[in-house]
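[1] Show me how the following folds:
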Amino acid sequence: METEALTRLLSGTSMLAPRLGRAGLSILTTARLAALAMGTKSLWRDELGDLFCNSTTSCRLTCFDSAFPVSPFSLFLLQSAFTSAHGLACCFLWRLPNSQGKSAWQKGWLLNRTRQLQLHALGVLARIFLEGIFLAVFHSLYGRYPQGLRCPASTSCPNTVQCTIQKAQGKDAFNLFVAGISWGSIMVCLMVLYPAITEIFQLTLHPAKRQLGRPLLIECA
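    Numbering: from 1, shown residues only. Just a heads-up that it's a prediction; the model follows:
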């Protein structure tokens, strides 16, 4: 029971998803959380402190803000928070209940096989959307993490600000690794989504094949 709940939480899928797909998503989510935990204590511990510039502290901060409107690490943390919230929602939705606490309408709705599949497919699509929107923002803001910064003179900083970034290569590799996890998650989600969509179409075209959902999903008294 505990293993199944953890798998639902990490993968954000129900038992309608193939085991290989659920395992793949769980491994990718675990790898992302581990990378973020390690990054907090090493590469991204003091992002501004890794910036060495030929200017005052205020100009260094201005240059940093103009180059990084949203820090890549902050973006990945926000992405992880959203995907974790999605996994938590799926965990509660697809939990194995003693039927107390669920209305007869809800239990009946979830016992319908087609509706189970539709809800399952919707959850997978939501995961794809969450991964995709953060990837789009990341790639639109940052191609590769820069080795240095050069900010032109402005009213607040009369001289051109030039900075070098410590650990730039490590941060670039970290960004590509976490972005790769997101791309991998999308690919696995698409593989999980395909059989669900196929079965939904089959049940829609052949209503006689509709059956009750798997008894391990919902248990009615």
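
[2] where does the spatially closest residue to G148 that is not a sequence neighbour land in three-state SS?
    Closest residue in space to G148, ignoring its immediate chain neighbours: T164 at 4.7 Å, by C-beta to C-beta, 6 or more residues apart in numbering. For glycine as for every other residue, the C-beta is placed from the backbone atoms N, C-alpha and C. Recorded secondary structure, T164: strand (DSSP: H, G, I helix; E, B strand; the rest coil).

[3] Point out where this protein drops to low pLDDT.
    Flagging of the chain using pLDDT under 70 yields the residue ranges 1, 95-111, 206-221.

[4] where exactly do the helices run in it?
    With DSSP state H as the criterion, the chain has helices at 2-11, 19-41, 57-67, 72-93, 104-111, 113-141, 168-205.

[5] next one: the fourth one to chain centre, how far?
    Okay, so that is helix 72-93. Relative to its parent chain, helix 72-93 has a centroid offset of 6 Å by C-alpha atoms, centre = their mean, to the nearest Å.

[6] Who does the closest residue in space to C63 that isn't next to it in sequence form a beta bridge with?
    Spatial nearest neighbour of C63, chain neighbours left out: C151 (3.9 Å); criterion: C-beta to C-beta, 6+ apart. C151 has the following beta-bridge partners by DSSP bridges: V161.

[7] Could I get the contacting residues of C151?
    Neighbouring residues of C151 by C-beta atoms under 8 Å, 6 or more residues apart in numbering: 59, 62-63, 66-67, 157, 160-163.

[8] Kindly recompute the last result at 6 Å.
    If you count contacts by C-beta atoms under 6 Å, 6 or more residues apart in numbering, C151 has them with 63, 66, 161.
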